[in-house]
Every structure is written in C-alpha cells, then in structure tokens.
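J.: Turn this into a structure:
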Amino acid sequence: MIEFGLLYDWRNPPRPEWFTPWQQFYREGFEHIAEMERRGVDIISFGEHHGDVDGFNPHIVESLVMAAERTSRVSLGTNIIQLPYYHPVMLAERLAFVDIISGGRLKALGLGQVGSPWDVEMEMLGVNTKHRPSLLEEGLELLHRCWTEDEPFDYEGKRYQGKHITITPKPLQKPCPGMQVVGVSEQSADRVARMGFDVGGPGGFFDGLTSKERWDAWLPMWQNVCARHERDPDDVTISVFGQCFVTDDPERAAALHGDAVEYCLTWESRPSIHVYSDESLRHGGDKGLITGLDLRKTFMTPEEAIAEFRATHEKRAPDQFLLIATRPGMTWEQAAEYHGNFVDKVLPHLQDLPTRRSSASR
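T.: Coordinates of the predicted model:
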C-alpha cells in the first residue's frame, strides 16, 4: 500500500504579495497540518536548509515536535535531515524525544549528506565539504547504535570519536525509527544497500508528480546494488517526493500559482548563488533534480495524475509518496483543496500498484 504524505519547507519569501508575518505563518501552517491529518494524509514531513532568504525550514526537529503535538495519527518524517550539520549523538537524543512524545510515529526519517549545490550552507556552518560522505556514513552508524545498543560503547571514526556513548531515553519504536537514506545515484544507493537502510529514491522532485525517465533508470540500478549486497529489494521501503497540485481546473491553478512555482526554482540564497537554477540541479545525471519546468506536470486533473503515476510505477511503486505541501502565495485553504483531491480522487486508484509488501508476490 502506498502511504501519501506532504512535505513542508516553510518558505515565506519577503515579497509583499506573498509574505505572511512569521508568527501567523507558522500558526496557520500547523493548523493546516492538523487539517490534512483529518483529510486522510498518512505522513507529515519537513525539509531543511539554512541561511535562506525565504526562511526555508532551519528548525526541522522543532517542526517535528510541533507536528507531534498537533496530530495524533499521521506518521512523522523528514526529507531530509542534512546529517553532516549535526553531532549524531545529540541528534539521536532529540529525535528519540520526538518519537516518544508522538507515540512512536517517527516512521519516515529521511537522511542525507547535503548536495553539492548547497555547499554555501556548509561554508556558512564551517563544515568541510570534502568530509560530506564520511560525516554521513559515520553519522548514520552512530544514530543507529545510539538507538539500538543498550550498553555504552566507544566509537573511533574519521570524523567522530567518543567514549561511553549512550542515550536515555531511547525511542519508543523498536528497534528504532524508520530511517530512509538518500540513494539516488549509484554511489549513494550502494551505501544505503550496504548499510542496510531503507532508501530515498527519485520522484518528480521539484518539477512534477513523477519522472518516468528517472525512475526507469534508477529502479534496475537499485535492484542491482541490492543484489551486490545480498539484500532483497522487495524488502526495502522506498520513499520519493514530487510536486503536483490536483485540481479540476489546472489552467486556472497554473495562472494563480505558476509564478510562485517558477520562483521556487530560481531563488538566490546568496546574492551570487543561484541554487535551484544551478546547472548541477537541472542536469548532470546523478545530481540532476530539475529537468525543466512544465506547469502541466505541476497542475493536473485527477485523471491526469492517475495516468501518469500508473505509467511511471507499473512495475514498482514507492511505499511512501510525498508531495510538496504548498507554494508562496498559495493559501492554506487552496493547498488543502488540492491535496484533498489527491487523497480522495487519485490515491484510491493507485493502491493496486506493487509496493514493498506486494511486489514480491507479483
């Protein structure tokens, strides 16, 4: 079964026609999260960046805490926590708290190493960009051990060293919260398969509901790296995200929100840095997240969304599928309507597609 979720980035650009005072913005945003739980969404997830002029969520753990308090049923998650920014032992403590207060609902914990287009953030925080892979790998190992080992342990790595490491209290979930690690490139996918985690794969990302081209290239590669490490790819949870707003009138929605969608791909996090318009995001194989903006892939009728999703995922569907929750200038009521349409008019027509629990028998 496909679990459907929303991904919140808390972007609030300082343009007069879009900006909402921050206190009001967060209050209404968490009210929206509670409403989307009532509307049938399965997962509430948060992204993370730092030093961004739009306020792109720099407080991802705090967002999880607030969401835990405002909801009672949905799974909570991240897409993604940029692990090299954190000491993993302290992060393990903070996330254990989230799992406890939510009643064991931290089930979609996306983790990654910070893509190279965001080196500006690592420079701001004083993190050596060359240490990105080792910070991620050691961080993942420490997170997992903090949550699963009862006795204090010593650790001696390239980036982290510690003695008598232990955390109390542990997460409510046993053995630990669900961890999905970004594995879009072959190198990153190999790491995920080798370390035994669930995987974050390629979706439509910032330019559409899905990407059949990306998915068709990635799925056999992922199956091959699983075989290399003697893992069953049908026993791994796959999580992806995309951008789509489902409506009976896509042309009207595109006219209302098209400028904001385009803005979100061309903003500058620094005067000289064009992050989402950077060529490494638009092209470049392993790094390509954006293939070209086409509003017809962002605003769809229910029938169009069903047809595209089924065509992309006829052989294997993601187990967790997230859509970006909103865009600047879009009211929370409009966002609720669009995603309510996905829950009511699209998702029921996708649940026969093969997922982790069903693909092995198909």
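J.: how many other residues sit next to residue 220?
T.: Residue 220 is flanked by 10 other residues according to other C-beta atoms under 10 Å. Glycine gets a C-beta too; all of them are placed from N, C-alpha and C.
J.: what about it, which helix or strand?
T.: Assessed by DSSP states H and E, residue 220 sits inside helix 212-228.
J.: which helices and strands sit right next to that helix?
T.: helix 186-195, helix 302-312 (3 or more C-beta pairs under 8 Å, 6 or more residues apart in numbering; DSSP states H and E).
J.: can the ones you listed go into CSV with extra columns for mean neighbour count?
T.: CSV is the format used below for those (neighbours: other C-beta atoms under 10 Å):
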stretch, mean neighbour count
helix 186-195, 19
helix 302-312, 18
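J.: Of those helices, which is nearest residue 103?
T.: For the helices and strands packed on helix 212-228, proximity to residue 103 was assessed by C-beta to C-beta; helix 186-195 is nearest, at 27.5 Å.
J.: From the chain's centroid, how far away is that closest one?
T.: 18 Å (C-alpha atoms, centre = their mean, to the nearest Å).
J.: elements contacting it?
T.: Packed next to helix 186-195, using 3+ C-beta pairs under 8 Å, 6+ apart, are helix 132-148, strand 179-182, strand 198-200, helix 212-228.
J.: Mind putting those into JSON lines with distance to residue 191 and mean pLDDT?
T.: Below are the helices and strands packed on helix 186-195 laid out as JSON lines (distance: least, C-beta to C-beta, whole Å; pLDDT from 0 to 100):
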{"stretch": "helix 132-148", "distance to residue 191": "7", "mean pLDDT": "98"}
{"stretch": "strand 179-182", "distance to residue 191": "7", "mean pLDDT": "97"}
{"stretch": "strand 198-200", "distance to residue 191": "10", "mean pLDDT": "98"}
{"stretch": "helix 212-228", "distance to residue 191": "9", "mean pLDDT": "98"}
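J.: Residue 111 falls within a strand, correct?
T.: Yes - counting by DSSP: H, G, I helix; E, B strand; the rest coil, residue 111 is located in a strand.
J.: Could you give the bridge partners of it?
T.: As for beta bridges, residue 111 partners with residue 81, residue 181 under DSSP bridges.
J.: quick one: strands adjacent to the next helix or strand after the helix holding residue 220?
T.: Proceeding N to C from helix 212-228, the next assigned helix or strand is strand 238-242, under DSSP H and E. Applying DSSP bridges, strand 238-242 is found paired with strand 198-200 (parallel), strand 320-324 (parallel).
J.: any chance of these in CSV, with distance to residue 103 and mean neighbour count too?
T.: As requested, these are arranged in CSV below (distance: least, C-beta to C-beta, whole Å; neighbours: other C-beta atoms under 10 Å):
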stretch, distance to residue 103, mean neighbour count
strand 198-200, 21, 26
strand 320-324, 19, 27
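J.: Redo these as JSON lines? Include distance to residue 223.
T.: Listed next are these as JSON lines, based on distance: least, C-beta to C-beta, whole Å:
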{"stretch": "strand 198-200", "distance to residue 223": "11"}
{"stretch": "strand 320-324", "distance to residue 223": "18"}
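J.: Quick one: closest of these to residue 252.
T.: strand 320-324 (19.1 Å).
J.: Dump that closest one to PDB, restricted to CA.
T.: What follows is strand 320-324, C-alpha atoms only, in PDB (Å, rounded to 0.1, in the frame of the first residue of the first chain):
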ATOM      1  CA  GLN A 320       5.900   6.400   0.800                       C
ATOM      2  CA  PHE A 321       5.000   9.200  -1.700                       C
ATOM      3  CA  LEU A 322       5.300  12.800  -0.700                       C
ATOM      4  CA  LEU A 323       4.100  16.000  -2.400                       C
ATOM      5  CA  ILE A 324       5.400  19.500  -1.600                       C
END
